[in-house]
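> pasting the structure only:
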C-alpha cells in the first residue's frame, strides 16, 4: 500500500511577524513622521531687517498675519508694512456695473488694525490687486509693485503652513530683484507638531501639500 507524502505548508509566521514589526514601527514613529510633515511646511528666516513686510491676503487666518507684520515693524525688522486686496470676482464686477459701491475702501480694516498695533499710517502701503486669486498671482502683482518702488528686500508674512511655498514662489519670481525672507504668523493656530489632532489643521496641511503638487506640475509643464 503506497502512501503519498502530504505537501508541506509554508509557514505564515514570518509574514505575520513582518506585519507586526511594521505595525509597531509605524506606531512608535508615527508622531515624529507626522511632525516632520508639518514642520517642513514652515519656513521662518526673518532675522534681518527688510525694507518691507508684505502681508499675504490669499487664504485664511489674515489677522494673525497682520499681527506678525506689526511685530516685525515694532522690532525693527520691517521698515514698512505692505497690504494688498480688493479682489474682484466676475460676480462682484457685475454688481459694480449695476451700481454697487463698497461702504468703505477695502483696506480700511487692515489699516485700522495695524495702527492699533502701533504701525504709523504713513508706514503702511496698500496695493490694489483685484485680479490676484492665488499665491502666484498675488506675488506677481505685489512684488512687481515693490520693485517699481525701489524696494530691495521684503519679508513675506503669511500663515505658518504657507511660508515655505510662498517663499519659494517669491524667490522664483524675484530672486534677481528682491531679497526674500519669510515670517510665519506666530498667532496662527497651525501647530506643526500636533496638526493631526485638529480637523481644520488637517485640511490646511493636506491642501498645502496638494498645492505643492500642483506647483511642481506647473513648473514641470512650464505653465506660468
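Structure's in. What do you need? From a predicted model like this one, the values you see are computed outputs, not experimental measurements. Numbering: from 1, shown residues only.
> give me the spatial nearest neighbour of the residue positioned nearest the centre of the chain, chain neighbours excluded.
For the chain, residue 162 is the residue whose C-alpha lies nearest the centre (Cα atoms, centre = their mean; 1.2 Å). Excluding the flanking residues, the one nearest residue 162 by Cβ to Cβ, 6 or more residues apart in numbering is residue 59, at 6.1 Å. In this view, the C-beta of every residue, glycine as well, is placed from N, C-alpha and C.
> where does the protein have low pLDDT?
Filtered on pLDDT under 70, the chain yields the residue ranges 1-14, 16-29, 224.
> which residues in it form helices?
Assigned by DSSP state H, the chain shows helices spanning 13-40, 62-74, 90-97, 108-116, 135-148, 163-174, 199-221.
> any idea how far residue 159 is from residue 215?
Applying Cβ to Cβ, to the nearest Å, the value for residue 159 to residue 215 is 16 Å.
> which of these two has more neighbours?
residue 159 (24 against 17; other Cβ atoms under 10 Å).
> that one contacts residue 184, correct?
Yes: Residue 159 lies in contact with residue 184 (Cβ atoms under 8 Å); the separation is 7.1 Å.
> about what we covered before: need the contact list for the residue nearest to residue 162.
If you count contacts by Cβ atoms under 8 Å, 6 or more residues apart in numbering, residue 59 has them with 135, 158, 159, 162.
> same thing with residue 35?
Contacts of residue 35 by Cβ under 8 Å, 6+ apart are 192, 193.
> still on that earlier bit, got the contacts of residue 59 as TSV, with distance to residue 101 columns?
Converted to TSV, these look like this (distance: Cβ to Cβ, whole Å):
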residue	distance to residue 101
135	29
158	30
159	31
162	32
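> taking the residues you listed one by one, which sit in strands?
Those of the contacts of residue 59 mapping onto strands are residue 158, per DSSP state E.
> and the furthest pair within the contacts of residue 59?
Across those, no pair lies farther apart than 135 and 159, at 11.0 Å, counting by Cβ to Cβ.
> quick check, residue 57 in contact with residue 141.
No: the pair residue 57 and residue 141 fails to qualify as a contact (Cβ under 8 Å) at a distance of 10.9 Å.
> give me the more crowded residue out of these two.
For the pair residue 57 and residue 141, the greater number of neighbours falls to residue 57 (21 against 17), based on other Cβ under 10 Å.
> if I look at the more buried one, how far off is residue 87?
As judged by Cβ to Cβ, residue 57 and residue 87 stand 8 Å apart.
> most packed of the helices of the chain?
helix 62-74 (a mean of 22; mean count of other Cβ atoms under 10 Å).
> which other residues reach it?
Residues outside helix 62-74 that contact it (Cβ under 8 Å, 6+ apart) are 46, 50, 53, 55-57, 78-81, 83, 110, 113-114, 117-119, 123, 155, 157-159, 183-189.
> narrow the residues you listed to just the buried residues.
Buried members of these, counted by 16 or more other Cβ atoms under 10 Å: 46, 50, 53, 55-57, 78, 80-81, 83, 110, 113-114, 119, 155, 157-159, 183-185, 188.
> looking at those residues, which are in strands?
By the criterion of DSSP E, membership of the buried ones among the contacts of helix 62-74 in strands covers 53, 55, 81, 83, 155, 157, 158, 183, 184.
> ok, of the residues you listed, which one's closest to residue 94?
residue 83 (25.8 Å).
> contact partners for the closest one?
By Cβ under 8 Å, 6+ apart, the residues touching residue 83 are 55, 57, 66, 107, 110, 111, 114, 124, 125, 126, 127.
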